[in-house]
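Build me a model:
(2 chains, ligands or ions: 2)
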Amino acid sequence: MSERLLTIDNLSVTFGGLHALKNLDFHVDKGEIVSVIGPNGAGKTTFFNMISGMVEPTEGDIVFKGESLIGLDPNQVTARGIARTFQNVRLFANMTILENVMVAQHCRTKQGVFGALFNTSGFKQEEAEIREWGEKVLGFFGSRLVGYRLDQPASVLSYANRRRLEVARAMATKPEVILLDEPVAGMNPRESEELTGLIGQLRDEWGFTIVMIEHDMGVVRDVSDRVVVLDHGETIAQGSYEDVSTNPDVIEAYLGRPAEEAS
Amino acid sequence: MSAPMATNETLPARAALDQEWRKVVNHGLLLALVLVFVSLANMPVSLDSRMIIEPMLSMGYLSLLWIPVVMGFIVSSEKVLEGIAYHAKGAREVLAGGLVGLIGGLGLSLLVVLIDNFDLRDPLVNWSPALLDLLQFGNGIGFGVIIWPVLGFGLGVFGGALHIFTAMTRTIVGWVLGAVLGIAVFETVIIDLLTERLPFEFITDWFYFIRGGLSQQGAVTAALIGGGLGYLRVLAQRGVVPTPVQDYKQLVGPERTRANTIIIITCGVATAILPLLLGRITNELLANVGLFVLLALGLNIVVGLAGILDLGYVAFFAVGGYATAILTSPNRGDSWPDWVPQSHWFAALIVVILLAILTGLFIGAPVIRMRGDYLAIVTLGFGEIIRLLFLSDWLGGYTGGAQGVTNIPGVDLGFVEIKGTDPRAIFYLVAVFCAIAIYVSWRLEKSRLGRAWMAIREDESVAEAMGINTVNVKLMAFVVGAVLASFSGAIFAAKVGSIFPTSFIILVSIVILVVVIVGGMGNIVGVIAGAAVLIGVLGGPKQPGLLAEFSEFKLLIYGALLIFMMLKRPEGLVPNVRRTRELHQEEFLQDAWLRSQVDADEQDGAPSGEVAPA
Ligand SMILES: Nc1ncnc2c1ncn2[C@@H]1O[C@H](COP(=O)(O)OP(=O)(O)OP(=O)(O)O)[C@@H](O)[C@H]1O
Ligand SMILES: [Mg+2]
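Numbering: from 1, shown residues only, chains lettered A, B, ... in the order given. Ligands and ions are numbered 1, 2, ... in the order given. All right, here's what the predicted structure looks like:
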């Protein structure tokens, strides 16, 4: 049994009268790839927002490596090793591609005003390291984000490349767990197939643990060790892809259609 | 691009014509309104004493005459977008310009008749015989009524005709006008530069009339010089003569670094030599510009880099000024215990820096968690609070209340004392601190901290989710900005010798912000250019500029300029690449998209029928 990284216990959140999440229990072990699926508005993104500290839960506890994350600011959560991407791609559009991944290493570096002003050897070394790691994570996507692209603003990227840069930026924070919010949304089949392969590599070669929200059932089937199904803020099923996709509750949640066909 | 002669074919001809007429009448009426407003704001009369070309054209008349030209041009300018049928310009545009000018001129004629017949001096203080006389060119009512429509028509025609000039003609006309106006406006500086230490009286005698303004021969020479330069510019655009700016922009790597080093050294040497050639008044002007450059560079870090709209920036300037004053002057408030020494300026500066940091943290801490408008309003409040504290009875024993602190000594360097009576020395002092500020801005911008500031400016929540402690990082911007402003305050205190709460009114914050916006947010060169243009030419909140006659209208012009810049060139005079991109997203993205289409075809061989690669 591998090490338990993230445990979520009886988590609830309400927005006004709306129960976005209700008594949610969830856990991730080191090296797992867990998919979170569910119909639109099921509360999946809210679930990520909660883990990353952007939304305070009304009840319950989130424990990461034995430490509660409740009450921490998003930057503190990231510093502890949980990075995320955004469903609606939120890059720093006017910063260059390289700067996007450089700035994401903020919490892993420490040089301040003094080093910058006096160009100390510590400063130079750290800058070089930041750059090197930045280029390394960008290189994960082949030649798409490197070379002449490094110094182009993120806003010129194609949609698929922006999604890739989102992932690279999360990787740049040197996390243990990466939360991917619909990483292949808007990609064509060829691109999403490629990214599916890369998600596997993220775990196998880079050692990241992955929690992924995804609507594309093909992708979910191919990469997930385990699937969690949310509906109306509640977990309605949990288990392997095969178990979940034949679960009658899940089929009902997807408006009576089998989950496989919904993809 | 070929220009099809397509007028609005979709609309019936009548309706199209109606629309055109309405446009002309609207612009004409607007022009009339502006002309009457400018007249009643008394610009023509109070600027009449400043000559541009003796004896033909004064600044007063110019304040009216340029407007029909611009309006005549604007009425027929339209946004040309790629792919939309482009309508060729011709006689119609010239006529439209003329008609707009005519209607505007009629507005002034009406004003002439009204002033002649009614006395409205009571609500309108500038409803005066002097204005009437000026509007009639001293030639009686009949002349006044007829001349304006004629002049308006002529100027409007000129404005409209700008559309049908070739690019070359337009460039040359622009340069001619620019040169004449520039040489006239910079009269004081040019005369000072050429005659104070250098023996070039014969040049200035040629150009300028004794009592000010260009002589006619001077104006012609200036026009010729402008024309020549404009022609050179045209040749440069055609690639006949070299284009240093373009060439520079194309440099990369070590060559660029070397070019930069040369530019920096040249600027440094020029800054060191220039004051030696100049006299008191011009040096004073430069010193004022320098103080504002320092302030603007500081605010640029806060607003331009970190995107925190601080409207109370004057607070830090005030803290620097007051702290220096209190620590160096024998004449400070009486409540100070003896152990607070009366110290040397540099010793005081250390305390000033510490105080600035504390104030930065003190003001920053409560406001930093707010965003956008709320933050702006609260900082505005803090700016006033600091000033009112200095003014209050409560602190009056320490700060002198409304009497302020007087007798502030200069900066004693041992061999020389830098003080306000020697503006040249003050300028050198300011220049040194400006150099420090430039260095700080430049280093920080491309450091870890600078990147974090930019990320926060782009999207604060995402920056936070990417591990940036936004509170600390923003506080840092506040503190760095505060320290730079306090430098300016410290020099200001030594320069003016006495400071009062009224030296630190809200207007100072606003002016610094306008300097940053007009110059080009986030760009060091832009900020310096902005300060030179606004503070140098128009003047600061209390400091006269080159056009001292403008002081009355300074705020009006600041406001107009700000509105104009926000609408037409939000990236500022010298734009920062990044901000230009941000503000012209559409065009930029369109270009980028076209390029990426070409890319995609090459790389993936993806099907894409829309754009054929060249
Ligand atoms: N900040 C908020 N304030 C109020 N309501 C919110 C907020 N964020 C989310 N909600 C609501 O919570 C519910 C769950 O939203 P969420 O974005 O988590 O759904 P989702 O499962 O990610 O859906 P999708 O598949 O469309 O991305 C929705 O009804 C949404 O309107
Ligand atoms: Mg979602």
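
From now on I want contacts and neighbour counts done on CA atoms only, so please keep to that.
Noted.

Is there a neighbour count for residue 215? I'd like the number.
Reading this off chain A. A:His215 sits with 22 neighbouring residues when counted by other Cα atoms under 10 Å in any protein chain shown.

Please refer instead to chain B.
Neighbours of B:Ser215 under the rule other Cα under 10 Å: 24.

need the contact list for it.
B:Ser215 sits next to B:53-55, B:206-209 when contact means Cα atoms under 8 Å, 6 or more residues apart in numbering or on different chains.

What's the separation between B:Gln246 and B:Gln237?
Distance from B:Gln246 to B:Gln237, counting by Cα to Cα, to the nearest Å: 10 Å.

Look at the closest residue to B:Tyr428 other than its chain neighbours and give its secondary structure.
Nearest non-adjacent residue to B:Tyr428, counting by Cα to Cα, 6 or more residues apart in numbering or on different chains: B:Ala272, 7.5 Å away. Under DSSP: H, G, I helix; E, B strand; the rest coil, B:Ala272 falls in the helix class.

Farthest pair within the contacts of B:Ser215?
Largest separation among these by Cα to Cα: B:Pro55 and B:Trp206, giving 15.2 Å.

Show me which of these two is the more surrounded one.
Relative neighbour count places B:Trp206 above the other of B:Pro55 and B:Trp206, with 15 against 12, counting by other Cα under 10 Å.

wait, what's in contact with that one?
With contact set as Cα under 8 Å, 6+ apart, B:Trp206 has these partners: B:215, B:217-218.

Go through the contacts of B:Ser215 and name the one nearest ligand 1.
Checking the contacts of B:Ser215 against ligand 1 with Cα to the nearest ligand atom, the nearest one is B:Ile53 at 64.7 Å.

what about that closest one, distance to B:Gly539?
According to Cα to Cα, B:Ile53 and B:Gly539 sit 23 Å apart.

And for B:Leu194?
As judged by Cα to Cα, B:Leu194 and B:Gly539 stand 23 Å apart.

the more surrounded of the two?
Counting neighbours by other Cα under 10 Å for B:Leu194 and for B:Gly539 shows that B:Gly539 has the greater number, 25 against 17.

With adjacent residues omitted, what lies nearest to the more buried one?
Counting by Cα to Cα, 6+ apart, the residue nearest B:Gly539 is B:Gly545, at 3.6 Å.

From ligand 1, how far out is the one you found?
In this view, B:Gly545 and ligand 1 are 52 Å apart by Cα to the nearest ligand atom, to the nearest Å.

likewise B:Phe427?
Applying Cα to the nearest ligand atom to B:Phe427 and ligand 1 gives a distance of 54 Å.

would you say that residue is within a helix?
Yes: applying three-state DSSP, one finds B:Phe427 inside a helix.

contacting residues for the closest residue to it other than its chain neighbours?
Distance criterion Cα to Cα, 6+ apart; nearest residue to B:Phe427, sequence neighbours excluded, is B:Ala287 at 4.4 Å. By Cα under 8 Å, 6+ apart, the contact set of B:Ala287 is B:423-424, B:426-427, B:430.

how about B:Ala287, secondary structure?
Secondary structure assignment for B:Ala287 (three-state DSSP): helix.

what about it, distance to B:Phe207?
27 Å.

and if you look at A:His215?
76 Å.

count of neighbours near B:Leu274?
By the criterion of other Cα under 10 Å, B:Leu274 has 12 neighbours.

now B:Gly142
By other Cα under 10 Å, neighbour count at B:Gly142 equals 12.

Where does it sit: helix, strand or coil?
helix.

Show me where the stretch 451-600 of chain B has its helices.
With DSSP state H, counting those that start in this stretch applied, the stretch 451-600 of chain B shows helices at B:460-465, B:470-496, B:506-519, B:524-531, B:554-568, B:577-583, B:585-604, listed in chain order.

wait, what's in contact with A:Gly112?
The contact partners of A:Gly112, by Cα under 8 Å, 6+ apart, come to B:448-449.

cool, and the one 5 residues further on?
The contact partners of A:Leu117, by Cα under 8 Å, 6+ apart, come to B:439-440, B:443-444.

can you check A:Val137 too?
A:Val137 sits next to A:168-169, A:171-172 when contact means Cα under 8 Å, 6+ apart.

Contacts only, for B:Gly396.
B:333, B:390, B:402 are the contacts of B:Gly396 under Cα under 8 Å, 6+ apart.
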